[in-house]
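Chemist: generate coordinates for the sequence data below:
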Amino acid sequence: MWFAHSLPIGANHAYDSVENRPGRDQAMAGISRGSKPMRKACWATCLAIPFILAGSPGGGPAAAEPIYSLLTTIPVPPDSANPNPGGAFNSFDISFFDPATQLDYVADRSNAAVDYFSAQNNSFVGRVPGFVGQQATASISGPDGVLVVNQPGQHQLWAGDGNSTLKGFNISAGYATLPGTPISTGGTKRVDEMAYDPTHNRLLVANNADTPAFGTIIDASTNAIIARVVVPGGEAGLEQPAWNPSTGHFYISVPQFNGTGPGGLAEIDSNGNVIRTFDFGAAPFNIASCSPAGLAVGASGNLMIGCSNASQSILFNPSGNGSIVATFPQISGSDELWYDPTTRNYFVTGPNNPGGPVFGVISDATDTWLENTPTVPGNAHSIAVDPISGEVFVPFPGVAANTVCPLGCVGVYAAQGASVPEPAALAIFAAGLLGLGVVRGARNRT
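Modeler: Below you'll find the model as predicted:
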């Protein structure tokens, strides 16, 4: 299948113009306009491509065309649990992509289930029911955070629910409930976003809406709770966690410390010990405004932080005493972030971006902003990327302002002229991804 055409979004909106970095066309040529052999190329070649990017974090000339544009949309079928007129898909949370199956998982509160969609033919495949669904507030709705663990003999789907439980499913056994689950984390609100440490086979899950907010370390093999984590000064909320293989520790976005300031990060080990915190309002960081939400780890070991307020996105080096690598005022108002190991790009949602709803693309190889791509109004705050086809999956809420799919859908974006690899190449590439590991990232929401 060739991506020869794309669907425009809101062509009359001022924010639809896309800016870009110098050298983007040359850097993306192999990925976005290459032949099928490029997508069949080895893992090392795919990782090397972004290193020819050039530019700086500042503004750049207008691009002749965007890297990404809307390829198609996938309808989300309603079921009996959906309370919305017309069966609208208007309440959802985190997305997570599993390269082993090329399935995109979406926390679908409107249908009280985790839905999964195929990147091989861009279609709805099925759903895992049994969640509390769409309630009066997001803090007690579910599902919320979603994550896939893929280790030898251990292919699991984990999802947080609105009643402070973590639900686990065996993907290899038709999504059968894992023994010892659901797991109560002991709160009264939702189990939200989560991250996975493959070295110790442990999860860090966050109860962001409880007071105080707290995290829980869970053994993904025994499903036992290892520790409860309270970040000093971070009682008002915890957002997206991520595990960094460069340090062997978890990091989690903290919207504010002690109820004030721009917030920052906390570093946590696999036993639940808070190693240290980084307050972005303090020297030497001196960030005036952020409220961190989304978080993603790049192959560089740097952390991309999406600020939920109108400010910037922040690239942070956690080594030593920590340092700000770069800030990107082009994209903010963020929620979930994702990292694609193939292109070595961060994907930053911007449902509340000052210029209009977009997702931003930032290079981990050159620390430069590449583009903002328009999405739709109504809190399109969730994102995941297929590292094999390169497709970007963004759920669109079913609201009146969404003229692309008024009842809601999943928008699928593709690089201009990109092609899907043949089945044999898909299998080889997926095996390579599983061998090397895939790192993901994060979010904020209402």
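
Chemist: how is Ser172 assigned, secondary-structure-wise?
Modeler: Of the three states, Ser172 takes helix under DSSP: H, G, I helix; E, B strand; the rest coil.

Chemist: state the distance from it to Asp104.
Modeler: 18 Å (CB to CB, to the nearest Å). (Glycine included, C-beta is placed from N, CA and C.)

Chemist: tell me where the stretch 251-400 of the chain has strands.
Modeler: 264-268, 274-279, 292-297, 303-307, 313-317, 323-328, 337-340, 345-350, 358-363, 369-374, 384-385, 392-396 (DSSP state E, counting those that start in this stretch).

Chemist: of Ser172 and Asp104, who's got more company?
Modeler: Each of Ser172 and Asp104 has its neighbours counted (other CB atoms under 10 Å); Asp104 has more, 29 against 12.

Chemist: helices along the chain, start to end?
Modeler: Remark: helices assigned in the chain by DSSP state H are 24-32, 36-40, 43-48, 423-436.

Chemist: check contacts around the closest residue to Val254 other than its chain neighbours.
Modeler: Leaving aside its sequence neighbours, Val254 sits nearest to Gly234 (CB to CB, 6 or more residues apart in numbering; 4.3 Å). Gly234 is in contact with Pro212, Ala213, Val254, Gln256, Phe257, Ala266, Thr277, counting by CB atoms under 8 Å, 6 or more residues apart in numbering.

Chemist: so what sits opposite the residue lying closest to the last one once chain neighbours are set aside in the bridge?
Modeler: Nearest-residue entry for Thr277: Ala266, 4.9 Å, with adjacent residues in sequence omitted and distances by CB to CB, 6+ apart. Going by DSSP bridges, Ala266 is paired in beta bridges with Ile252, Thr277.

Chemist: please apply the same query to Thr165.
Modeler: Taking DSSP bridges as the rule, Thr165 bridges to Ser184.

Chemist: OK, contacts around it?
Modeler: Contacts of Thr165 by CB under 8 Å, 6+ apart are Pro182, Ile183, Ser184, Thr185, Val191.

Chemist: ok, Phe393 next?
Modeler: By CB under 8 Å, 6+ apart, the residues touching Phe393 are 95, 97, 104, 106, 117, 119, 383-386, 410-413.

Chemist: can you rerun that using 7 Å?
Modeler: Shown in contact with Phe393 (CB atoms under 7 Å, 6 or more residues apart in numbering): Ser95, Phe97, Asp104, Phe117, Ile383, Ala384, Val410, Val412.

Chemist: these: which two are farthest apart?
Modeler: Across those, the longest distance by CB to CB is 13.2 Å; it joins Phe117 and Ile383.

Chemist: neighbour-wise, which of these two wins?
Modeler: Neighbours per residue (other CB under 10 Å) separate Phe117 from Ile383, with Ile383 holding more: 30 against 25.

Chemist: how close does Asn353 get to Asp93?
Modeler: Remark: distance between Asn353 and Asp93 (CB to CB) = 19 Å.
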